[in-house]
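Visitor: Curious how this folds, go ahead:
(2 chains)
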Amino acid sequence: MNRPRSAAFLAIVFTAVYAFAYVIAVWQNYALFTYHPATGALALGVEKPHDGPAMYWFGWMATAGLAAAGACLIACLVPERYARRVGSGCSWTVPLGVLFFFAYLLRGYFLR
Amino acid sequence: MLIALLIVHGLFAVALLGAITHQTAATWLPARKQAGSFGGRFRAVGAAGYTNAIVALYACTFVLGAIIYPEFRMSIRGVLEELEVPAAMGAFELKEHFAVIGLAALPAYWSLWRQPLAEEHGRARKALTSILAFIIWWNFLVGHVVNNFRGFGA
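Guide: Numbers count the residues shown, from 1 in each chain, chains lettered A, B, ... in the order given. Below is the predicted model:
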């Protein structure tokens, strides 16, 4: 396998899968952990707020990071002839779609 | 300490804004001859030369933002709710998600701008750079406006 091509392929896989996994994690609230900023406590999984707000943002990023890392591991096993079919278009179409989806998901803030 | 971090976060954001705007302008409207005007000189830069700086500045700005974000959730978010400004809250929610998408785009962005530039990735390079520019401009403006609701050091 050509090394520079593999790095580019993995970079595209990481970007596309991370963006997609992140939006799913936010939409369905699949946070790997919850951070309670008032107490500085961390809890595994999704936990309801207590003693102040609960933050899931870090947990969503961790969930997406795990998914993207897993996808990259699987992508390492993909033969070169299949890897070539993954166009660089995925590197921008998936993030762009995710931006629009977030705008749709949060439309309630702007339509009150 | 948090105010100092917020100022450094803002300074990194200004540098990032300048770098990505230069690169985007040079990508969409490259100067073909010796530039004489300000606009011409603005886009007559080697766009690829900004890539490493943009990646480093984005990462630094993001990390600083993530450090001060819990304080925002605890003190400033409540003020916005009391002021009943849902659009500002929504814009900040978009900022936090857009920032993550921008961070996730950095590996592909860096790869697309790696020298020598691959001709077949020209469209993807232009599109991803523009998306990153949009995210950076959005986050800068929203961060600035939301910060003004509470006021410096309040």
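
Visitor: Show the backbone phi and psi for the closest residue to chain A within chain B.
Guide: Across chain B, no residue is closer to chain A than B:G90, which sits at 2.4 Å (CB to the nearest CB). Heads up, the C-betas are built off the backbone N, CA and C, glycines and all. The phi/psi pair for B:G90 (degrees, to the nearest 10) reads phi -60, psi -40.

Visitor: Leaving aside the residues adjacent along the chain, what's closest to it?
Guide: A:Y109 (2.4 Å; CB to CB, 6 or more residues apart in numbering or on different chains).

Visitor: ok, now B:A47?
Guide: B:A26 (3.9 Å).

Visitor: my read: the one you found touches B:A48, true?
Guide: No. Counting by CB atoms under 8 Å, B:A26 sits too far from B:A48 to count as a contact (9.1 Å).

Visitor: Residue 95: what's it in contact with?
Guide: No chain in the question, so chain A it is. Residues near A:P95 by CB atoms under 8 Å, 6 or more residues apart in numbering or on different chains: A:15-16, A:19, B:101, B:104-105, B:128, B:131.

Visitor: Hmm, no, I was thinking of chain B.
Guide: B:138-139, B:142-143, B:146.

Visitor: how close does the residue nearest to B:G90 sit to B:F92?
Guide: 9 Å (CB to CB, to the nearest Å).

Visitor: May I see the buried residues of the longest helix along chain B?
Guide: Scanning chain B for the longest helix, with DSSP state H as the assignment, gives helix B:122-150. Buried positions in helix B:122-150, judged by neighbour count with 16 or more other CB atoms under 10 Å in any protein chain shown: B:124-136, B:138-140, B:142-143, B:146.

Visitor: so which of those residues also contact chain A?
Guide: B:124-125, B:127-128, B:131, B:134-135 (CB under 8 Å from any CB of the partner chain).

Visitor: got any ranges where the chain has weak pLDDT?
Guide: Because you didn't say which chain, this covers chain A. Along chain A, the parts satisfying pLDDT under 70 run over A:1-5.

Visitor: Not quite, go with chain B.
Guide: In chain B (pLDDT under 70), the answer is B:32-35, B:150-154.

Visitor: Pick out the residue nearest the middle of it.
Guide: The centroid of chain B falls nearest to B:I136 when counting by CA atoms, centre = their mean (2.2 Å).

Visitor: list the contacts for that residue?
Guide: Residues near B:I136 by CB under 8 Å, 6+ apart: B:13, B:16-17, B:20, B:58, B:102.

Visitor: hang on, the earlier thing: more neighbours: B:A26 and B:A48, which one.
Guide: Neighbour count, other CB atoms under 10 Å in any protein chain shown: between B:A26 and B:A48, B:A26 has more, with 20 against 16.

Visitor: What count of nearby residues applies to B:P116?
Guide: For B:P116, using other CB under 10 Å, the count is 6.
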